[in-house]
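[1] Structure, please.
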Amino acid sequence: MYMHFTEEDYTALYPAQDQMTDNPFHSWQDHSKLSSMLTLSSGILSDEQFDIISLFLIYTSQLINNCAIIANSLSIAVFVKLGFSEPSNISLTALAICDFTLAVLYTWNNLCFWLTYHNVQLPFHGANVTFLTGRAQWAFLSTTIAWITAFISFERCLCILFPLKVRRLITPRGTFVAMLIIILLTFCPSFFIYIRYKFIWVFNPYLNRTILDSIPVHSEFAILFEKISVAICGVIQPVFAFSIVVICTVVLVVQLRKISSWRMSVTSAKSQRLQSEKNAASSSSAAEARISQKEERLVRMVVAIATIFIVNYIPTCIGLLCYVVFDEFNHFGVYKKISIVSGFIISLGQPLSGSVNIVIYYRMASKFRSVFRRLVRLDRQEEKRHELE
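    This next block holds a predicted model:
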């Protein structure tokens with residue numbers, strides 16, 4: 001719901017406007033807080049330090065975001081050309097779409113912060129509106145990415161542990177339904193944030209016009225609902241998904257080592273005794289033997305994707321835990337500067353993970369590499385080069 005505030009209402013909402021500096025970044029302070037809280041927040045991170053760190057992180061993260069947008073656009077195009085007859089193509093396409101959307105949301109967030117810093121007069125409060133139209137969504141979308149990665153890792157675990165049964169368990173239709181369920185349970189709850197916060201039209205006497213802003217709703221139900229939804233969707237779900245990825249990655253690495261050792265023993269063929277031992281191998285080794293080299297390459301690719309995800313998702317888990325443990329560690333709290341800076345730091349890792357995935361696909365998936373080369377016309381360039389030679 002949108003509300004219109006007059007100049008008197010605006011003054012009541014923001015009584016400390018005379019304490020504001022000329023830099024719009026500093027107007028992010030919640031002026032309804034007590035002055036002691038403002039002093040505490042400024043003591044942790046000064047305005048000058050906040051400006052320097054924020055600008056550096058904005059430019060750095062945006063460079064990574066641009067790479068992530070390009071890389072995931074290409075990945076989606078390649079997977080569409082490959083088709084969705086394989087369940088892995090469906091899950092990897094969903095992962096690329098989420099990574100692409102995340103990079104777009106990061107870009108929107110960085111753009112608004114950059115325009116605000118350079119005194120561009122926007123028709124809305126850049127930081128507060130961006131919180132409800134960007135930061136909240138990518139916080140939940142990171143959970144979606146975590147669960148999709150967990151599903152991909154778990155799927156590969158089933159393929160390597162039960163190679164004869166997995167094709168009946170995991171089908172293209174089942175994978176598609178699983179992706180929809182993951183998105184509904186992880187990303188869609190991000191819109192519940194509008195129960196806790198709402199948009200308002202505020203008359204800004206310094207701009208002499210009405211702008212769009214947002215304020216928290218201070219009802220007991222809204223506060224309780226936010227705590228429950230953030231605890232479940234923002235902490236429990238991503239940490240649980242992160243744990244599944246870690247466990248499945250460890251299982252995959254162990255099984256890959258077993259497969260490599262078994263293959264080495266088969267190809268060496270040192271003696272007849274070794275051959276007979278191979279024939280009398282355990283049922284687990286027999287199952288491993290049925291895993292083709294194509295499946296093994298796919299497993300190695302999933303391990304690489306999961307490992308990069310684990311490394312880049314650790315800061316997100318730490319930030320989510322801080323958001324729940326410390327009441328004032330949020331966009332409207334005492335430690336809002338630290339919260340904003342930590343959000344920028346987190347924004348470096350996740351798009352980086354999404355932009356690196358295409359390199360893994362290209363190096364480890366022959367079909368992806370072939371279609372990718374045709375898509376960007378690399379094969380034609382090589383043919384022309386050979387003709388000239």
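
[2] where do the helices sit along the stretch 1-150 of the chain?
    Secondary structure of the stretch 1-150 of the chain (DSSP state H, counting those that start in this stretch): helices located at 7-13, 35-44, 47-82, 87-117, 126-130, 136-161.

[3] Now do the contacts for the residue positioned nearest the centre of the chain.
    Residue closest to the mean C-alpha point of the chain, counted by Cα atoms, centre = their mean, is Ser142 at 3.4 Å. Counting by Cβ atoms under 8 Å, 6 or more residues apart in numbering, Ser142 makes contact with Leu102, Pro238, Tyr313, Thr316, Gln350. Where you see a C-beta, it was placed from the backbone N, CA and C, and this is true even at glycine.

[4] quick one: contacts for the fourth one?
    For Thr316, the set of contacting residues under the criterion of Cβ under 8 Å, 6+ apart consists of Ser142, Pro238, Ile346, Gly349, Gln350.

[5] Model confidence score at the fourth one, please.
    Confidence per residue is given as pLDDT, and for Gly349 that number is 79.

[6] And it, which helix or strand is it part of?
    Assigned by DSSP states H and E, Gly349 belongs to helix 336-364.

[7] cool, the second one as well?
    Secondary structure assignment for Pro238, by DSSP H and E: helix 237-268.

[8] So which elements touch that helix?
    Contacts defined by 3 or more Cβ pairs under 8 Å, 6 or more residues apart in numbering; DSSP states H and E place helix 237-268 against helix 136-161, helix 272-279, helix 283-289, helix 293-325.

[9] Now the element after the helix holding Gly349, going C-ward?
    By DSSP H and E, the next helix or strand past helix 336-364 is helix 366-375.

[10] Tell me the buried residues in that following helix?
    Under the neighbour-count criterion of 16 or more other Cβ atoms under 10 Å, helix 366-375 has Phe368, Val371, Phe372, Arg373 buried.

[11] In JSON lines: those residues, plus distance to Phe242 and pLDDT.
    Output for the buried residues of helix 366-375, formatted as JSON lines (distance: Cβ to Cβ, whole Å; pLDDT from 0 to 100):
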{"residue": "Phe368", "distance to Phe242": "26", "pLDDT": "91"}
{"residue": "Val371", "distance to Phe242": "31", "pLDDT": "91"}
{"residue": "Phe372", "distance to Phe242": "30", "pLDDT": "91"}
{"residue": "Arg373", "distance to Phe242": "34", "pLDDT": "89"}
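
[12] And those residues, which is closest to Leu224?
    Phe368 (46.9 Å; Cβ to Cβ).

[13] What is whichever strand or helix holds Arg167 packed up against?
    Assigned by DSSP H and E, Arg167 belongs to helix 166-169. If you count contacts as 3+ Cβ pairs under 8 Å, 6+ apart, helix 166-169 packs onto helix 136-161.

[14] What score does Thr6 have for pLDDT?
    42.

[15] The one 4 residues further on too?
    Per-residue confidence at Tyr10 stands at 41 (pLDDT).

[16] just to revisit the earlier point, buried residues of the helix holding Arg167, list them for me.
    Per 16+ other Cβ under 10 Å, helix 166-169 contains these buried residues: Val166.

[17] Fine by me, thanks again.
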